[in-house]
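# sequence-free structure coming up:
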Ligand SMILES: [Fe+2]
Ligand SMILES: [Fe+2]
């Protein structure tokens with residue numbers, strides 16, 4: 001395949017695919033992703049490309065998504081089967097090369113695939129996206145102290161644990177059960193695993 005479109009073109013395309021509020025969220029994700037990529041010596045352009053695109057299929061993941069994903073070779077987790085909206089990252093992963101009109105590295109697709117539940121194989125860019133998605137400036141459930149606490153982590157893995165602990169607290173209050181893949185990611189990092 002050919003060389004993919006540039007960031008600006010992808011941003012314009014995504015803008016037409018999602019609601020304005022979600023687009024503003026995506027811009028916030030890009031901002032935090034760039035910052036984290038720079039801090040950890042990764043490509044901030046790659047992180048931005050992934051960040052702007054991650055929620056492009058947020059409004060298209062309906063009841064048909066599980067079968068569609070499986071038909072495209074994407075494993076569907078039980079929690080996603082029950083709540084297909086969670087598969088918007090998987091749909092984005094499947095459509096990424098098409099929408100980018102060219103080659104997309106596999107780690108771009110892996111990152112968007114796992115941004116919602118997290119996964120021990122989501123990679124460094126997946127970690128950046130996961131963190132940025134949770135704490136971008138538009139997220140009103142966090143205050144400055146929470147953001148500082150997350151960013152005080154020395155490694156991306158530490159930040160993910162801080163986020164999952166915060167989320168766990170919220171889940172307990174709301175009576176929500178975390179997904180098995182999320183629990184697996186948590187244990188993986190706690191056991192010394194790196195992304
Ligand atoms: Fe998302
Ligand atoms: Fe998002």
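Arrived safely. Remember, predicted model here, so these are calculated numbers, not experimental data. Ligands and ions are numbered 1, 2, ... in the order given.
# tell me the residues of this structure that contact ligand 2?
Contact residues (CB under 5 Å from the ion) of the chain with ligand 2: 55, 133. C-beta coordinates here come from the backbone N, C-alpha and C atoms, glycine included.
# in the chain, where is pLDDT below threshold?
1 (pLDDT under 70).
# what's the neighbour count on residue 59?
13 (other CB atoms under 10 Å).
# ok, the residue nearest to it when sequence neighbours are not counted - contacts?
The shortest distance from residue 59 to any non-neighbouring residue, by CB to CB, 6 or more residues apart in numbering, is to residue 18 (6.5 Å). Shown in contact with residue 18 (CB atoms under 8 Å, 6 or more residues apart in numbering): 26, 55, 56, 58, 59.
# distance of residue 18 relative to residue 65?
Residue 18 is 16 Å from residue 65, where distance means CB to CB, to the nearest Å.
# and residue 12, by the same measure?
Residue 12 is 25 Å from residue 65, by CB to CB.
# those two - which one has more neighbours?
residue 65 (23 against 11).
# got a list of what that one touches?
Contacts of residue 65 by CB under 8 Å, 6+ apart are 80, 84, 87, 88, 90, 91.
# what's the answer for residue 159, then?
Here residue 159 is in contact with 127, 131, 150, 151, 153 (CB under 8 Å, 6+ apart).
# and the residue nearest the centre of the chain, what does it touch?
Of all residues in the chain, the one closest to the mean position by CA atoms, centre = their mean is residue 115, 2.5 Å from it. Counting by CB under 8 Å, 6+ apart, residue 115 touches 54, 89, 122, 126, 129, 130, 133.
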